[in-house]
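> Show me the folded form of this:
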Amino acid sequence: MKVQLTIADHILEDLVTIEVKTYTSRISQLVAYIQNLDQQIDRLTGKKGDEVHLLDLADIYRLVVDEKVVHIKTEKEDFTTNYRLYQVKDLLSSDFLQISQSEIINIKQLDHLQITPNGLVKLSLKNGDFTYSSRRYLKLIKEALGL
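Here you go, the predicted structure:
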């Protein structure tokens, strides 16, 4: 893939142009990523009791919905947020992958995965936790991980 960058004073607004031979899911992901660049964040606020913590995205292992509350799990701690999972998903970088209707993982914290006999994917994280994907997200997971 070739990349061309033009920097000029006369340009009034940044514009990204993509020229492709065929439209693929990878191109679709690229377009979505570029469109969401202005909305992405470096940190996420998480609550633990009465305290509010600023969490670096790199420290987050997974986000899980449990009893309608989104839990943010780091290596050793568990925080909550007032966001809904779909709202958080829109704020996160492409390092995060939704693996089920109620869970998003940080693929940079993924240690290894295993496809189970019943078609699910067991995802083991670097902190020793593991989780399972739903079949509905299997194709998306394979595309994101290049399987």
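> so residue 116 touches residue 130, yeah?
No - Residue 116 lies out of contact with residue 130 (Cβ atoms under 8 Å); the separation is 11.3 Å. In short, each C-beta sits where N, CA and C put it, glycine included.
> Now list whatever residues contact both of the two.
By Cβ atoms under 8 Å, 6 or more residues apart in numbering, residue 116 and residue 130 have these common neighbours: residue 122.
> Would you mind telling me which of these two has more residues around it?
The residue with more neighbours, out of residue 116 and residue 130, is residue 130; 13 against 10, by other Cβ atoms under 10 Å.
> Tell me the bridge partners for the more buried one.
Taking DSSP bridges as the rule, residue 130 bridges to residue 124.
> Which residue, other than its chain neighbours, is closest to residue 69?
Spatial nearest neighbour of residue 69, excluding adjacent residues (Cβ to Cβ, 6 or more residues apart in numbering): residue 80 at 5.5 Å.
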